[in-house]
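Visitor: what's the 3D shape of this:
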Amino acid sequence: MNHFLEIERDERNFSSSKVIVIPVPYEGTTSYGKGTKNGPSAILKASQIVEDYDIELGFEPYKKVGGVHTASPVRFGKDPHKSIYSAVKKVISADKFPLMLGGEHSISYGAVKAAKENYPDLSVLQFDAHADLRDSYHGNKHSHACIMRRIRSMCPAVQVGIRSQDKEETDYIKEYGLQKKIFYAHEYNDGRIPSIVKGLTDNVYITVDVDGFDPSVIPATGTPEPGGLSWYQVLSILKAVFAERNVVGADIVELAPRKEMHYADYTAAKLAYKMIGYLSLKF
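Guide: Numbers count the residues shown, from 1 in each chain. As a prediction, this is how the structure comes out:
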């Protein structure tokens with residue numbers, strides 16, 4: 001198994017590393033393009049090429065967080081979400097930052113549940129093309145298409161980049177008055193960043209479904225939607241949230257690696273390192 005980044009062994013110890021990368025190769029409910037189970041290994045492999053030095057920040061972020069440790073991939077029992085919960089709970093309980101690499105989007109449930117136990121006022125920031133607010137999809141309440149419905153039962157959330165939802169989800173949004181917490185892609189501009197941050201509590205978990213980006217940025221995903229967010233739009237939001245809130249964990253999900261689209265793997269790896277960079281500004 002590759003480790004995240006091409007760094008020395010003593011820079012990736014669990015004890016000294018503030019950031020723990022957790023590969024979660026789970027794929028149980030994908031509904032269109034397949035392959036998300038291969039996402040974690042593809043991101044780890046691509047991360048070997050990511051430069052350790054960040055031009056924007058002017059330093060090597062991994063050094064400021066004491067190194068980056070890569071855990072063994074999560075092994076799934078009868079209840080995959082319980083296995084994910086246990087892996088993330090171990091990291092948070094050790095006062096470290098869990099960064100999950102998925103895997104389909106349903107993996108966020110166990111991570112948010114673990115974070116919520118340590119941070120009762122937790123909120124979630126979601127980047128996604130899809131609202132993921134169905135109560136059930138193909139008879140499964142834990143489908144990737146239902147993840148934000150399950151998360152919203154635990155804590156508040158702000159959703160950014162949305163450009164696909166069905167009638168059931170639209171009615172749910174109206175019924176619970178969620179309109180101000182959803183930032184649709186067709187309405188988005190950087191002037192909305194203060195409102196996004198304001199909608200979050202002090203402690204925040206971030207989940208990035210890569211289809212939140214426009215397909216020109218990351219085309220290798222199961223359900224791409226045109227008209228998504230740009231690279232720098234996402235980074236601007238992330239930088240503001242990391243600066244103004246306490247981000248306690250994150251995930252990057254729904255990368256479905258494709259042959260001859262290795263640039264998508266690299267972009268996901270770069271995104272993970274940018275999040276580590278913005279986290280490192282607190283150290």
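Visitor: Between the two ends of stretch 57-75, how far is it?
Guide: This stretch, stretch 57-75, spans 36 Å end to end (C-alpha to C-alpha, to the nearest Å).
Visitor: Could I get the buried residue list for that stretch?
Guide: Across stretch 57-75, burial judged by 16 or more other C-beta atoms under 10 Å covers 60-62, 64-71, 73-74. The way it works is simple: take the backbone N, C-alpha and C, and place the C-beta from them, glycine included.
Visitor: ditto for stretch 224-231
Guide: Result for stretch 224-231 [16+ other C-beta under 10 Å]: buried residues Pro224, Glu225, Gly228, Leu229, Trp231.
Visitor: again, but for stretch 125-133
Guide: Leu125, Gln126, Phe127, Asp128, Ala129, His130, Ala131, Asp132, Leu133.
Visitor: can you map out the strands along this structure?
Guide: 19-24, 68-70, 97-102, 123-127, 157-162, 182-184, 203-209, 246-253 (DSSP state E).
Visitor: Mean pLDDT and distance to Asp10 for the ones you listed - can I get that in JSON lines?
Guide: Shown next, in JSON lines, are those (pLDDT from 0 to 100; distance: least, C-beta to C-beta, whole Å):
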{"stretch": "strand 19-24", "mean pLDDT": "98", "distance to Asp10": "15"}
{"stretch": "strand 68-70", "mean pLDDT": "98", "distance to Asp10": "11"}
{"stretch": "strand 97-102", "mean pLDDT": "98", "distance to Asp10": "19"}
{"stretch": "strand 123-127", "mean pLDDT": "98", "distance to Asp10": "33"}
{"stretch": "strand 157-162", "mean pLDDT": "98", "distance to Asp10": "38"}
{"stretch": "strand 182-184", "mean pLDDT": "98", "distance to Asp10": "42"}
{"stretch": "strand 203-209", "mean pLDDT": "98", "distance to Asp10": "29"}
{"stretch": "strand 246-253", "mean pLDDT": "98", "distance to Asp10": "25"}
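Visitor: Dump those strands into JSON lines; add distance to Lys282 as well.
Guide: Compiled in JSON lines, those are given as follows (distance: least, C-beta to C-beta, whole Å):
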{"stretch": "strand 19-24", "distance to Lys282": "12"}
{"stretch": "strand 68-70", "distance to Lys282": "15"}
{"stretch": "strand 97-102", "distance to Lys282": "10"}
{"stretch": "strand 123-127", "distance to Lys282": "17"}
{"stretch": "strand 157-162", "distance to Lys282": "20"}
{"stretch": "strand 182-184", "distance to Lys282": "25"}
{"stretch": "strand 203-209", "distance to Lys282": "13"}
{"stretch": "strand 246-253", "distance to Lys282": "8"}
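Visitor: do you know which of those lies nearest Arg192?
Guide: Among the strands of the chain, strand 182-184 comes nearest to Arg192, with 5.6 Å by C-beta to C-beta.
Visitor: Give me the contacts around the closest one.
Guide: Residues from elsewhere that reach strand 182-184 (C-beta atoms under 8 Å, 6 or more residues apart in numbering): Ala131, Val158, Gln159, Val160, Gly161, Ile162, Arg163, Ile173, Arg192, Ser195, Ile196.
Visitor: Go ahead and build a PyMOL selection from the buried members of the residues you listed.
Guide: Buried members of these, defined by 16+ other C-beta under 10 Å, are picked up in PyMOL with:
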select buried, resi 131+158+159+160+161+162+163+173+196
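Visitor: Columns distance to Pro215 on top of the contacts of strand 182-184, output as a markdown table?
Guide: A markdown table is the format used below for the contacts of strand 182-184 (distance: C-beta to C-beta, whole Å):
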| residue | distance to Pro215 |
| --- | --- |
| Ala131 | 18 |
| Val158 | 23 |
| Gln159 | 19 |
| Val160 | 17 |
| Gly161 | 12 |
| Ile162 | 15 |
| Arg163 | 11 |
| Ile173 | 25 |
| Arg192 | 22 |
| Ser195 | 26 |
| Ile196 | 23 |
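Visitor: Can you tell me which of the contacts of strand 182-184 comes closest to Phe283?
Guide: Using C-beta to C-beta, these come closest to Phe283 at Ile196, 23.9 Å.
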